[in-house]
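1. my questions concern the predicted model and sequence given below.
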Number of protein chains: 2
Amino acid sequence: MTPDEFRIFGHSLIDWIADYRAGIRTRRVWSDAKPNAVLEQLPSSPPFDPDSPQNLLADLEQIILPNISNWQHPMFYGYFPANSSLEAVLGDLVSSGLGQLGLNWAASPALTELEQRMLEWMQQISGIPNHMKGVIQDTASTATMVALMSARERSTDYALARGGLQAESQAQMIYFSAQCHSSIEKGGLLAGFGKDNLRIVPVDKNFDLIPAELEKMILEDITLGKKPCAIVATVGGTTTTACDPLPEIGRIAREYKLWFHVDAAMAGTAMILPEKQHLFAGLEGADSLCLNPHKWLGATFDCSLYYVSDPEHLVRVMSTNPSYLQTSTDGQVVQYRDWGVPLGRRMRALKLWFLLRLEGVTKLQSRIRRDCENATWLEEQIKNSSEWKVLNPVRLQTLCIRHVPNGLEAVELDKHTLAWVNEINSSGAAYMTPAMLDGRWMVRVSIGALETTREDVMQLWALMQEAVQR
Amino acid sequence: MTPDEFRIFGHSLIDWIADYRAGIRTRRVWSDAKPNAVLEQLPSSPPFDPDSPQNLLADLEQIILPNISNWQHPMFYGYFPANSSLEAVLGDLVSSGLGQLGLNWAASPALTELEQRMLEWMQQISGIPNHMKGVIQDTASTATMVALMSARERSTDYALARGGLQAESQAQMIYFSAQCHSSIEKGGLLAGFGKDNLRIVPVDKNFDLIPAELEKMILEDITLGKKPCAIVATVGGTTTTACDPLPEIGRIAREYKLWFHVDAAMAGTAMILPEKQHLFAGLEGADSLCLNPHKWLGATFDCSLYYVSDPEHLVRVMSTNPSYLQTSTDGQVVQYRDWGVPLGRRMRALKLWFLLRLEGVTKLQSRIRRDCENATWLEEQIKNSSEWKVLNPVRLQTLCIRHVPNGLEAVELDKHTLAWVNEINSSGAAYMTPAMLDGRWMVRVSIGALETTREDVMQLWALMQEAVQR
């Protein structure tokens, strides 16, 4: 494709995306596609001759659009906001267009230095302790895994330089609460720890980790000859917005020399609100921290920020330095390839740059504040309605709810819960995620799509009240 | 930003990218930026009020463009082609614009099924054995790490479900040649193996792994009570295009029950040429395979394909299944979240779809063939010139070369090599990567940027002859 052909088709696609976003309210939220609906429409072999942009555009419209869930829809209340702001879409377009590959600093000085500065900007506005240094990773799953690998190597005094984890005589132990994201367990297992080495710490009535229980487990493990290695705390847990008490956990981590990772993947965005920063107090004791601007903030997937207190340790664990990657500026500059798993790197900082500059911090704060206020409003409606219950403290924008008609419990309650939420979800009018809490189904309402207004939340509440009456 | 504002700025950026690509020959290839050149121009704090698209565009022009290395330049002969074709740029734009997040099949049926089909298309045109199933990962570094984690778990009968790698009594061993990419060692170390467990197998004069030496090492390790776990073979090694003999390695892997991973990250693109598929003979014995369409093929970083023979094993190692990720279609569909590290996934298959449809296989084959012929042409020129040497068999598009004036050797030769290559690189007229081979510096010429013609390669050869005369 020549630059001039790119110009023509590019304009069409920009318009197509603008039309898609402008008209998104007319679409259903969650897909009702049948398995194989897309596969059946795609030829089993690629074309040998070039096809036309027109045909491709038609297929986007007829094959792709009817078979996606519309995450950017204002009535999307599922999982967490996965906001792809139009500013960030354009920043990412520039990244692909420039075709940069950050193997090392010299391979794209602007890629590295823009990333450094964006990490500093985010650090400033989020109240992240000054001594930490950050890098962009793809997802929190990867960041957590990297944190646990870093923990493993600090705890074993760099076993990777010798016989690896298998040569260690002491079992290395990891601690986290049951309200942690599934990626914590996955990261631990992938890093080579076994299920026997993962300990689930009990939570209190707010679903927050109980520090005294953590310390008890640590002491038990020490008595058994095991070695406490890492604690993963969550601020704003996926299911209930659990906020583990960082100061007490930090004290314990210091005392027993545990790696202290803080997972604020979703909730980290709220750190740009001064009135919410108290949830993150105690961060200064952390060894590592992850937050995902590709969620609520709108920086477009993938853009996960990983901050560490000791970048030298990270580099010792992650570094490779063959001759073909050495350049004359080594030592004067940051080599981000040594701060994570992949060697190649996209210019992901452009997404953040476009978002922060074109929106400005004040507008971003207003939007995040709007979402928290909408959640508080809905919480009030539910609390004032008989038969409805809010099951979690609404600290940010997620509500865990049940409708409990008189006397309904156990399996019958589960059936009722799944019936009303599935009715709304399958209608296409809104989407919320059913999930388990204390062994029973409940419904998560996660508020924060870019375009979700108070009217949308009022509409959701009306849909809910209607659905439970059938 | 409203859809209408997006439309206007989007058109400007499409034009800006088209202009950048159309005028790329007027730019220097490798950046001559000084450390901190970009940092010094970026404010230390983010703006609180919105900035204008015009200011952002001006900064792209004045801060970013002068401080990047132009990977898409026709005179880029460094590392490997990291082609970002304009077709793929647009496919990726649609991905950001739709803002899909593939947490599970239902979250975006089209994301999953388009990916399945694109993996099948690539499998067909690349001659990848039918029984393998594929998934898109970010990079070969990650794919290799996943392969070694999979090897670890098969070899230990799922130690992750018990005490992890640290509870294993036998040392698990990994084998690869010194011509393997640095990511193999890194992947092994991150997966929890130690340096003591990584064994470097000697290579022959073509830099290919010697199977008899591999078997000897395996037998030694078995005698010492260690457990051979995995062999990583390379087809088209980074430095010299080494091609390890897959059939013999496959035989050994079967006999000693090793996981057999094939790294064809760069060279895998050449599999679309029937006349090059012989290099990949023996793939049918592999447990896993990685190739990167984001390199030579042009699918825009990041787009690394990972194929496995036993997807069920992959899912057992990588799976997590909390309640909030369960949906009613589970079991009937592919859940790609369980095929890799990250939970969230971008719609990366769009890049491949756009590239394959708008170019068609025939044009892609012609371009790859053109690059191989250009490499052969340059090889002939060098072989016919006194004092110049080609150090590797030119199997695809990479030449390893030295200029050896009469009598020059050892440190003096290194100085000469670095002098002439640095002269060309710092002039901005072309870029090649200096690297070590057999303990001495040499120069890698990697041919295959999207727009590199025979005239460009002739120009490079002229520059080289000129540079050595100073």
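-> Here it is on my side, so go on. Numbers count the residues shown, from 1 in each chain, chains lettered A, B, ... in the order given.
2. let me see the domain layout of chain A.
-> With automatic domain parsing as the criterion, the domains of chain A are listed as A:3-68, A:94-359, A:363-467.
3. just name the most buried of the ones you listed.
-> domain A:94-359 (a mean of 22; mean count of other CB atoms under 10 Å in any protein chain shown). Bear in mind the C-beta positions are built from the backbone N, C-alpha and C, glycine included.
4. before we move on, back to that, of all the domains of chain A, which lies closest to B:Glu113?
-> Among the domains of chain A, domain A:3-68 comes nearest to B:Glu113, with 3.7 Å by CB to CB.
5. so for the nearest residue to A:Glu168 once chain neighbours are set aside, what's the pLDDT?
-> Spatial nearest neighbour of A:Glu168, chain neighbours left out: B:Gln166 (5.0 Å); criterion: CB to CB, 6 or more residues apart in numbering or on different chains. pLDDT, the model's per-residue confidence, is 90 for B:Gln166.
6. correct me if wrong, but B:Gln166 is in a helix.
-> Yes: using DSSP: H, G, I helix; E, B strand; the rest coil, the assignment for B:Gln166 is a helix.
7. mind listing the strands for chain A?
-> With DSSP state E as the criterion, chain A has strands at A:76-77, A:133-137, A:172-177, A:198-201, A:227-234, A:259-263, A:288-291, A:304-308, A:388-390, A:398-403, A:431-437, A:440-446.
8. mind putting these in TSV, distance to chain B and mean pLDDT included?
-> Listed next are these as TSV, based on distance: least, CB to the nearest CB, whole Å; pLDDT from 0 to 100:
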stretch	distance to chain B	mean pLDDT
strand A:76-77	10	98
strand A:133-137	9	98
strand A:172-177	6	98
strand A:198-201	9	97
strand A:227-234	10	98
strand A:259-263	13	98
strand A:288-291	12	98
strand A:304-308	9	98
strand A:388-390	18	97
strand A:398-403	11	98
strand A:431-437	4	96
strand A:440-446	7	97
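9. so where's chain A uncertain?
-> A:321-326, A:328-329 (pLDDT under 70).
10. in chain A, which residue is most central in space?
-> A:Ala265 (4.3 Å; CA atoms, centre = their mean).
11. now that one: how far from A:Gly285?
-> In this view, A:Ala265 and A:Gly285 are 19 Å apart by CB to CB, to the nearest Å.
12. again, but for A:Phe9
-> The separation that A:Phe9 has from A:Gly285, given CB to CB, amounts to 52 Å.
13. so for A:Ser150, what's the nearest residue that isn't a sequence neighbour?
-> Among residues not flanking A:Ser150 along the chain, A:Val317 sits closest, at 5.3 Å (CB to CB, 6+ apart).
14. quick check, the one you found in contact with A:Ala151.
-> No: A:Val317 is beyond contact range of A:Ala151, at 9.7 Å (criterion: CB atoms under 8 Å).
15. which stretches in chain A count as helices?
-> A:3-22, A:53-59, A:86-98, A:109-126, A:140-155, A:182-190, A:211-223, A:246-256, A:311-318, A:349-359, A:361-383, A:410-427, A:454-467 (DSSP state H).
16. B:Gly23: which of those is closest?
-> For B:Gly23, the closest of the helices of chain A is helix A:3-22, at 8.8 Å, according to CB to CB.
17. tell me what angle the closest one forms with helix B:86-98.
-> For helix A:3-22 against helix B:86-98, the angle by axes from the mean of the first three to the mean of the last three CA atoms, to 10 degrees is 10 degrees.
18. now what about helix A:3-22, what contacts it?
-> Residues outside helix A:3-22 that contact it (CB atoms under 8 Å, 6 or more residues apart in numbering or on different chains): A:1, A:53, A:57, A:60, A:65, A:72, A:86, A:89, B:3-4, B:6-7, B:10-11, B:14-15, B:17-19, B:21-22, B:86, B:89-90, B:93-94, B:97-98.
19. quick check, A:Trp71 in contact with A:Ala82.
-> Yes: using CB under 8 Å, A:Trp71 is in contact with A:Ala82, at 5.0 Å.
20. show me whatever sits in contact with both of those two.
-> Shared contacts of A:Trp71 and A:Ala82, counting by CB under 8 Å, 6+ apart, come down to B:99, B:101.
21. ok, the closest residue to A:Phe354 other than its chain neighbours - contacts?
-> The spatial neighbour of A:Phe354 that comes closest, neighbours along the chain excluded (CB to CB, 6+ apart), is A:Gly91 at 3.2 Å. Applying CB under 8 Å, 6+ apart, one finds that A:Gly91 lies in contact with A:300, A:350-355.
22. skipping adjacent residues, who's closest to A:Ala467 in space?
-> Spatial nearest neighbour of A:Ala467, excluding adjacent residues (CB to CB, 6+ apart): A:Trp420 at 4.2 Å.
23. coming back round to it: now the residue nearest to A:Ser150: how far from B:Gly192?
-> Note on A:Val317: its distance to B:Gly192, by CB to CB, is 12 Å.
24. contact partners for the residue nearest to A:Thr452 when sequence neighbours are not counted?
-> Leaving aside its sequence neighbours, A:Thr452 sits nearest to A:Pro74 (CB to CB, 6+ apart; 4.6 Å). A:Pro74 is in contact with A:24-25, A:449-453, A:456, counting by CB under 8 Å, 6+ apart.
25. now those residues as a markdown table including distance to B:Tyr175?
-> Shown next, in a markdown table, are the contacts of A:Pro74 (distance: CB to CB, whole Å):
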| residue | distance to B:Tyr175 |
| --- | --- |
| A:Ile24 | 53 |
| A:Arg25 | 57 |
| A:Ala449 | 50 |
| A:Leu450 | 50 |
| A:Glu451 | 54 |
| A:Thr452 | 54 |
| A:Thr453 | 60 |
| A:Asp456 | 58 |
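26. for the residues you listed, which one is nearest B:Glu466?
-> Taking those together and measuring to B:Glu466 by CB to CB, the closest member is A:Leu450, at 55.8 Å.
27. grab the nearest non-local neighbour of that closest one.
-> Here the residue nearest A:Leu450, using CB to CB, 6+ apart, is A:Asn83, at 5.1 Å.
28. cool, A:Ser85 as well?
-> According to CB to CB, 6+ apart, the nearest residue to A:Ser85 is A:Gly298 (3.5 Å).
29. same thing with A:Asp221?
-> Nearest non-adjacent residue to A:Asp221 (CB to CB, 6+ apart): A:Met173, at 5.1 Å.
30. next up, the contacts around that neighbour.
-> A:197-199, A:218, A:221, A:226-229.
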